[in-house]
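Undergrad: quick one: sequence and predicted model below, then my questions.
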Amino acid sequence: MLTNYIKIAWKVLLRHPFYTFITLFGISLTLTVLMVLTSFLDHLFGSHYPETKRDRSLYVMQMRTQDSTRTGSSSGPMSFKFLTEYAKSLKTAERVTICTFVNSSNAYVGSQKIKLNTKYTDADFWEVTEFDFLEGKPYNEQNIANSDLVVVITDDFKKQYFGNVAESVIGKDVEIESIHYRVIGVVRGSPVTRPFTYADVYYPYTTPKSNYQRTGMRGGYVAILLAKKTSDLKTVRDEFQSHIARIPLPGVEDGYKYAYVEVKSEPYVENFVGTLNGNKGLKTVFFGIIAFIMLMLIGLPAINLVNVNVSRIMERASEIGIRKAFGAPVRTLMWQFIIENIFITLIGGGIALVLTLIVIQLINSSGIIAYADLTINLNVFLVSLLVCLVFGLLSGVLPALRMSKLKIAEALKS
């Protein structure tokens with residue numbers, strides 16, 4: 001029966017080339033946009049280079065303190081000392097890295113200024129992440145203990161500073177903010193959409209201007225807690241919260257008296273959404289935009305496609321009337337048209353897949369997103385397939401219901 005439905009759907013497509021073009025154009029364009037959006041969300045939140053271990057990582061991004069009345073609050077990143085005491089001491093985590101978020105510096109090549117995004121890290125940063133070293137190696141605990149003026153740079157900064165040189169730059173000097181550093185490694189850069197790992201230059205935290213010696217709780221550092229396996233995430237989180245519960249209360253930080261302290265360790269997606277919790281208006285706007293985009297990308301095209309499908313199905317009124325006259329039940333007729341519509345949608349999805357691959361390649365090579373690596377992986381493909389099925393159902397059920405209400409006499413007259 002399913003094979004017959006598909007054969008009928010194929011013949012219907014060949015019967016009206018114009019309707020077929022309009023239908024497939026609308027479906028493929030809509031699904032292309034949806035697939036590109038899905039690929040971007042996967043790029044943003046999935047486990048990709050160099051954060052390939054996100055599935056077993058917890059992110060500690062900010063500390064929130066409140067006064068005794070809970071009417072006033074303050075939030076921001078933490079000090080290196082605080083994270084060393086409360087995060088580095090975890091026994092259930094495989095590794096814990098402490099690093100800054102993104103800082104800014106300048107380097108000069110002649111009179112040309114190069115604006116840099118920089119990051120101070122510990123040696124564990126290179127174990128928690130999985131950077132691809134094109135040259136050299138990362139700095140280690142010995143470099144940090146010796147306060148060596150060494151840096152790891154990206155291949156892009158290498159080109160800007162040293163030119164398009166084929167030879168290695170390991171051991172060469174680079175001057176940043178009037179301080180000379182020795183290049184110890186060159187890595188393929190992290191996309192700008194991954195702020196925990198994105199930078200042009202990576203310093204050991206013991207190099208100048210890192211402020212790692214700050215004694216208070218607040219500073220410019222964040223942390224990534226790496227569990228041994230995904231199932232250990234709850235254990236690591238519980239241990240971390242038990243450490244946070246030991247913070248003496250009440251206390252004073254930079255003149256601010258606090259009675260409550262909250263520091264969360266969360267998976268990346270929860271951490272990202274959690275940054276919006278401090279501003280309910282911003283959170284509402286964010287999710288409102290997402291809902292609007294989904295409505296525009298799925299709802300409106302589906303409504304337009306419903307109208308096209310109604311016209312296409314009503315042209316087959318005589319066929320429906322004959323089948324009803326020979327005893328075909330309404331359910332059978334409905335399923336026939338729904339399956340036909342899903343089949344057509346899947347054809348449009350196939351076209352959209354090809355278009356998506358082209359668009360993704362253009363985005364990756366355009367430089368719009370530094371080191372962009374959008375892909376069509378299994379997750380993106382499965383989500384896209386689900387969207388195709390949902391889109392096919394949304395645009396097929398209503399026309400099928402309209403068709404099922406046709407009376408035999410009315411259908412045969414048309």
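TA: Ah, there it is. These numbers come from a predicted model, not from an experiment. Residues are numbered from 1 along each chain as shown.
Undergrad: make it CA atoms for all contacts and neighbour counts henceforth
TA: Will do.
Undergrad: so who does residue 202 touch?
TA: The contact partners of residue 202, by C-alpha atoms under 8 Å, 6 or more residues apart in numbering, come to 118, 119, 120, 121, 151, 152, 153.
Undergrad: give the bridge partners for it, please.
TA: According to DSSP bridges, the partner residues bridging residue 202 are residue 119, residue 152.
Undergrad: identify the residue nearest residue 218 in space, chain neighbours excluded?
TA: For residue 218, ignoring the flanking residues on the chain, the nearest one in space by C-alpha to C-alpha, 6 or more residues apart in numbering is residue 78 at 4.2 Å.
Undergrad: JSON lines for the contacts of residue 202, including neighbour count, pLDDT and distance to residue 183?
TA: Listed next are the contacts of residue 202 as JSON lines, based on neighbours: other C-alpha atoms under 10 Å; pLDDT from 0 to 100; distance: C-alpha to C-alpha, whole Å:
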{"residue": "118", "neighbour count": "20", "pLDDT": "97", "distance to residue 183": "14"}
{"residue": "119", "neighbour count": "25", "pLDDT": "97", "distance to residue 183": "15"}
{"residue": "120", "neighbour count": "27", "pLDDT": "98", "distance to residue 183": "15"}
{"residue": "121", "neighbour count": "26", "pLDDT": "98", "distance to residue 183": "15"}
{"residue": "151", "neighbour count": "24", "pLDDT": "98", "distance to residue 183": "5"}
{"residue": "152", "neighbour count": "24", "pLDDT": "98", "distance to residue 183": "6"}
{"residue": "153", "neighbour count": "25", "pLDDT": "97", "distance to residue 183": "7"}
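Undergrad: for the residue nearest to residue 218, what are phi and psi?
TA: For residue 78, the backbone dihedrals are phi -110, psi 170 (criterion: degrees, to the nearest 10).
Undergrad: same check, this time on residue 269
TA: When read as degrees, to the nearest 10, the backbone of residue 269 gives phi -60, psi -50.
Undergrad: what about the residue nearest to it when sequence neighbours are not counted, how many neighbours?
TA: Nearest non-adjacent residue to residue 269, counting by C-alpha to C-alpha, 6+ apart: residue 45, 6.1 Å away. Neighbours of residue 45 under the rule other C-alpha atoms under 10 Å: 16.
Undergrad: try residue 44
TA: Per other C-alpha under 10 Å, the neighbour tally for residue 44 reads 18.
Undergrad: which residues does it contact?
TA: Contact analysis of residue 44 by C-alpha under 8 Å, 6+ apart lists 193, 194.
Undergrad: pretty sure it sits in a strand.
TA: No. Per DSSP: H, G, I helix; E, B strand; the rest coil, residue 44 lies outside any strand segment and is helix.
Undergrad: ok, now how distant is it from residue 232?
TA: 24 Å (C-alpha to C-alpha, to the nearest Å).
Undergrad: now this structure, which segments are flagged as low pLDDT?
TA: Counting by pLDDT under 70, the chain contains low-confidence residues at 1-2, 4-9, 11-14, 16, 274-321, 323-324, 326-328, 330, 388, 391-414.
Undergrad: same thing but 90
TA: When the per-residue scores of the chain are filtered using pLDDT under 90, the ranges that remain are 1-46, 67-75, 101-102, 109-111, 163-167, 215-216, 251-256, 269-353, 356, 363-414.
Undergrad: now the residue nearest to the spatial centre of the chain: how far from residue 193?
TA: Residue closest to the average C-alpha location in the chain (C-alpha atoms, centre = their mean): residue 44, at 1.7 Å. For residue 44, the distance to residue 193 equals 6 Å [C-alpha to C-alpha].
Undergrad: do residue 235 as well
TA: In this structure, residue 235 lies at 29 Å from residue 193, with C-alpha to C-alpha as the measure.
Undergrad: backbone dihedrals for residue 251, both of them.
TA: phi -150, psi 180.
Undergrad: my error: substitute residue 177 in the last question.
TA: Summarising the backbone geometry of residue 177 under the convention degrees, to the nearest 10, its torsions are phi 50, psi 40.
Undergrad: which ones are touching residue 183?
TA: 150, 151, 152, 153, 169, 170, 171, 172, 173, 174.
Undergrad: rerun at 10 Å
TA: 135-139, 149-153, 158, 169-174, 201 (C-alpha atoms under 10 Å, 6 or more residues apart in numbering).
Undergrad: cool, residue 161 as well?
TA: When the contact criterion is C-alpha under 10 Å, 6+ apart, the partners of residue 161 are 107, 108, 109, 110, 112, 113, 114, 155, 174, 175.
Undergrad: show me what the fifth one is bridged to.
TA: The reference is to residue 112. In this structure, residue 112 has the following beta-bridge partners (DSSP bridges): residue 109.
Undergrad: measure it to residue 105 for me?
TA: To residue 105, residue 112 is 14 Å away according to C-alpha to C-alpha.
Undergrad: neighbour-wise, which of these two wins?
TA: Applying other C-alpha under 10 Å to residue 112 and residue 105 shows that residue 105 carries more neighbours, namely 14 against 10.
Undergrad: if anything else comes up later, I'll come back, but that's it for now.
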